[in-house]
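Colleague: I need the structure of the sequence given here:
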Amino acid sequence: MAEIFAKGRWHVCLIGRSQDSLAKATDRIRSSLDEFVEAGVLLASAGPPVMSRISTSIALEQQAPNADLARGQANLKKLLKASLLLPEDEET
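Modeller: Alright, predicted model coming up:
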């Protein structure tokens, strides 16, 4: 999900249990972006800006006050609607 929102120009923070797990997650996102470039659906120049919008932390309590997205499907649907990723008539 972090990749999708970062592509949509949202700044996101991945919260993990360790720096190692966060490094693996960002590596997977970077690999996914590379696959989109290879498939011709993403410009190579788009990758670095997407990655620059993804930060990482192992301290949820420090990042939570700044979160645009709270847990819960209803909040996610509201955010997706605001981002034009869901049709307006979709129920929350």
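Colleague: And the helix or strand hosting G47, what's buried?
Modeller: Using DSSP states H and E, G47 sits in helix 47-52. Buried residues in helix 47-52, counted by 16 or more other Cβ atoms under 10 Å: 47, 50. In short, each C-beta sits where N, CA and C put it, glycine included.
Colleague: Quick one: list the elements packing against it.
Modeller: helix 2-7, helix 19-38 (3 or more Cβ pairs under 8 Å, 6 or more residues apart in numbering; DSSP states H and E).
Colleague: And the ones you listed: which comes nearest P49?
Modeller: helix 2-7 (8.6 Å; Cβ to Cβ).
Colleague: Give me the average confidence score over the closest one.
Modeller: Confidence for helix 2-7, expressed as mean pLDDT, is 88.
Colleague: Could you confirm S55 falls within a strand?
Modeller: Yes - assignment of S55 by DSSP: H, G, I helix; E, B strand; the rest coil places it within a strand.
Colleague: Start and end of stretch 4-12, how far apart?
Modeller: End-to-end distance of stretch 4-12 (Cα to Cα, to the nearest Å): 10 Å.
Colleague: Please point out which parts of that stretch sit buried.
Modeller: Buried-residue list, stretch 4-12, by 16+ other Cβ under 10 Å: 5-7, 12.
Colleague: what residue ranges in this protein are flagged as low confidence?
Modeller: Across the chain, residues meeting the criterion (pLDDT under 70) sit at 60-92.
Colleague: swap the cut-off to 80 and go again
Modeller: Residue ranges of the chain with pLDDT under 80: 59-92.
Colleague: Of the helices and strands packed on helix 47-52, flag the one that's most buried.
Modeller: With neighbours taken as mean count of other Cβ atoms under 10 Å, these reach their highest mean count in helix 2-7, at a mean of 19.
Colleague: So which elements touch it?
Modeller: strand 12-15, helix 19-38, helix 47-52, strand 54-57.
Colleague: Tell me which of those sits nearest to M1.
Modeller: When the helices and strands packed on helix 2-7 are compared by Cβ to Cβ, strand 12-15 sits nearest M1, at 8.1 Å.
Colleague: so what strands line up beside the closest one?
Modeller: strand 54-57 (parallel) (DSSP bridges).
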